[in-house]
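Student: Build me a model from this:
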Amino acid sequence: MPFFWDPSKLVNPHLCVCGITGSGKSYFVKTFITRARLALGTSALILDWAGEYADWVRSAGGKVVSFGEQGLNLLDLGGASPHERARQVVESLEILTDLQSFPRQRRLTEEAIGKAYAARGFSLQRRGFPAGKRLPTLEDVHRILQKSARHDAESAEAAHRIRNLLLSSNKSFTVSTIRLGELLSGLVCVDLHSLPTESLRSMAGLTILQFVKEKMRAEDYQKYGGIRLFVVADEAWKIAADERSDLVSIVREGRKYGFGLIVASQNPTDVHKSIFANAGTTFAFRLTLSSEREYIRSSLSYSDFFEQQSHSLSVGQALVHLEFSSPQPCPGTFMLSRVDGEELLAVFSIWGGGMKIELEKGELRSRLVTFGLSDKQVSLALSEFERGNYSLSAAQFISILEKFGYGKAAAVSLLRELGAGEKELLSVFSASEKNQVGARTKSAILTLGGGKTSRVPGEGKRR
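Tutor: Residues are numbered from 1 along each chain as shown. Now for the predicted structure:
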């Protein structure tokens, strides 16, 4: 029977979504955001670690902000005071580096940030942006630390830390071309995948979350009457696992301000239990490891029946758990048989050997790019899917990879990443070997005799 998600009946509007690649997780998130915009008028801010949402957001009429092309000054205040912003930057460095193990470097870095603000005429405790003042940057912080570096080893290490951040980010964190106010209205995707490392992507994500939190707290408290904004963090494992992250702050405080959080991950153990414990809704798509399923079960406490059912989920199926705000005449835990998507979400499928992998077009494109295909090769591969009515057999898909110069080992690796099981892969490649042997045998029969004719004994005709 249909399932209707009604936030007014739940303890909060936050969602945790987990499942292996190809299980339907990202397809569900996109469908959910689309429906929330249509039915609830809710804006969405997507922090896109893998470049998976950008094409879809453009197709849906939303806005894409690409780091690398655009930047964000880490010392932009975003509603905080300079003192508060200095602490936020240092906390981000603690989460992403080993700064916590060096308390004096931590203190020196925070003091240098404060001095950089003071040198530009900012009062450390006062919020707001003084007229005519110019924001400091990490380059100013580096210069301040560098002055003491010659005679102080800890200052030298702190300066080196900031210098590495500046060099690796290619000034993405020194000049603000992103308008923070525009991130919180409509459908917006912040594409982080062009940043070269996971730590830099996480630094950008943490910074934006800190600004979102300040904006959230500046809103008037509202008795629950709707959701103004969904913040979506997909595969944000480096910050979702840390309790100091503002993902945890938003999940704890967001409801009273009309803010919702959607955290999606292939591995549920990458999501801190505080997020699971405070989320009103959980969607657990296919998970292959028993340790991952046990992590979900220990967080939600469901029965043996649902544990057994979760072992055999196919694409688009999920275990759903709801935390109601008051008793309801329906179960809080149940199995979802499928997700009915929107027309914008074209689904491509790979089948054969008992497998059926379904991926939304943008997700498949992202996976192929990550695997190593060039933009031209990706376009050719997607065009083959479109010729086949958005569907290719595993053998056809492998053949495409072979044309691009990839061997069987690489094809196995990619199919496994896309969600194929070991038995399914064995079946696919066994069938492929049989077909190749059959083709070689047929070819040998057809070419027997090299074009010469031979007489069959007892018969009066040539063969």
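Student: which stretches of this protein have low pLDDT?
Tutor: For the chain, the stretches with pLDDT under 70 are 220-225, 342-345, 431-463.
Student: Flag every buried residue along stretch 381-400.
Tutor: A381, L382, F385, L392, S393, A394, F397, I398, I400 (16 or more other Cβ atoms under 10 Å). C-beta here means a position set from N, CA and C on the backbone, and glycine is covered the same way.
Student: residues in contact with the last one?
Tutor: Spelled out, it's I400. I400 sits next to L380, A381, E384, L392 when contact means Cβ atoms under 8 Å, 6 or more residues apart in numbering.
Student: Repeat that for the first one.
Tutor: By Cβ under 8 Å, 6+ apart, the contact set of A381 is L368, L373, I400.
Student: In CSV, list the residues you listed along with distance to S312.
Tutor: CSV is the format used below for the contacts of A381 (distance: Cβ to Cβ, whole Å):
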residue, distance to S312
L368, 28
L373, 32
I400, 30
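Student: if we can go back for a sec, and which of the contacts of I400 is nearest G51?
Tutor: Among those, A381 lies closest to G51 (Cβ to Cβ), at 16.5 Å.
Student: Can you verify the closest one is assigned to a helix?
Tutor: Yes. Under DSSP: H, G, I helix; E, B strand; the rest coil, A381 falls within a helix.
Student: residue boundaries of the strands in the stretch 1-150 of the chain?
Tutor: Along the stretch 1-150 of the chain, the segments classed as strands by DSSP state E, counting those that start in this stretch run 15-18, 43-48, 63-66.
Student: Which one of those strands lies nearest to E198?
Tutor: Of all these, strand 43-48 comes closest under Cβ to Cβ, at 13.1 Å.
Student: Check the burial of the residue nearest to G79 when sequence neighbours are not counted by counting its neighbours.
Tutor: Spatial nearest neighbour of G79, excluding adjacent residues (Cβ to Cβ, 6 or more residues apart in numbering): E214 at 3.6 Å. Using other Cβ atoms under 10 Å, E214 has 20 other residues around it.
Student: what secondary structure does E214 sit in?
Tutor: Secondary structure state of E214, per three-state DSSP, is helix.
Student: Go ahead and confirm G280 touches S8.
Tutor: No. Counting by Cβ atoms under 8 Å, G280 stays clear of S8, with 10.9 Å between them.
Student: Show me which of those two is the more surrounded one.
Tutor: Set G280 next to S8 and count neighbours by other Cβ under 10 Å: G280 wins out with 22 against 9.
Student: Distance of G61 relative to L187?
Tutor: Distance check for G61 against L187: by Cβ to Cβ, to the nearest Å, it reads 7 Å.
Student: try S245
Tutor: S245 is 24 Å from L187, where distance means Cβ to Cβ.
Student: Between the two, which is the more surrounded one?
Tutor: More crowded of S245 and L187, by other Cβ under 10 Å: S245, with 26 against 22.
Student: tell me the phi and psi of the more buried one?
Tutor: phi -70, psi 150 (degrees, to the nearest 10).
Student: Roughly how far does it sit from K238?
Tutor: 9 Å.
Student: for L300, same thing?
Tutor: Taking Cβ to Cβ, one finds L300 at 24 Å from K238.
Student: so what's the residue nearest to K238 when sequence neighbours are not counted up against?
Tutor: Excluding its sequence neighbours, the residue lying closest to K238 (Cβ to Cβ, 6+ apart) is S202, at 4.2 Å. Remark: with contacts taken as Cβ under 8 Å, 6+ apart, S202 is in contact with I95, L96, A236, K238, I239.
Student: which SS class is the last one?
Tutor: Translated: I239. Here I239 is helix, with the state taken from three-state DSSP.
Student: Break down the stretch 351-463 of the chain into its strands, ranges please.
Tutor: Using DSSP E, counting those that start in this stretch, strands in the stretch 351-463 of the chain cover 355-360, 391-393.
Student: The longest one packs against which elements?
Tutor: Using 3 or more Cβ pairs under 8 Å, 6 or more residues apart in numbering; DSSP states H and E, the elements in contact with strand 355-360 are helix 25-40, strand 347-352, helix 422-446.
Student: The same query, at a cut-off of 7 Å, please.
Tutor: If you count contacts as 3 or more Cβ pairs under 7 Å, 6 or more residues apart in numbering; DSSP states H and E, strand 355-360 packs onto helix 25-40, strand 347-352.
Student: need those in JSON lines with mean neighbour count, can you?
Tutor: Formatted as JSON lines, those follow (neighbours: other Cβ atoms under 10 Å):
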{"stretch": "helix 25-40", "mean neighbour count": "20"}
{"stretch": "strand 347-352", "mean neighbour count": "20"}
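Student: Distance to G128 for the ones you listed - can I get that in TSV?
Tutor: Shown next, in TSV, are these (distance: least, Cβ to Cβ, whole Å):
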stretch	distance to G128
helix 25-40	32
strand 347-352	48
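Student: who wins for proximity to D140 among the ones you listed?
Tutor: The closest of the helices and strands packed on strand 355-360 to D140 is helix 25-40. By Cβ to Cβ, the value is 38.6 Å.
Student: Outside of that closest one itself, which residues are in contact with it?
Tutor: Contacts of helix 25-40 with the rest of the structure, by Cβ atoms under 7 Å, 6 or more residues apart in numbering, involve 17-19, 42, 44, 52, 56, 60, 187, 226-227, 230, 232, 234, 262, 264, 283, 285, 339, 341-342, 345, 347, 360, 363.
Student: Return a PyMOL selection command for the buried portion of these.
Tutor: In PyMOL, this line selects whichever of those come out buried by 16+ other Cβ under 10 Å:
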select buried, resi 17+18+19+42+44+52+56+60+187+227+230+232+234+262+264+283+285+339+341+345+347+360+363
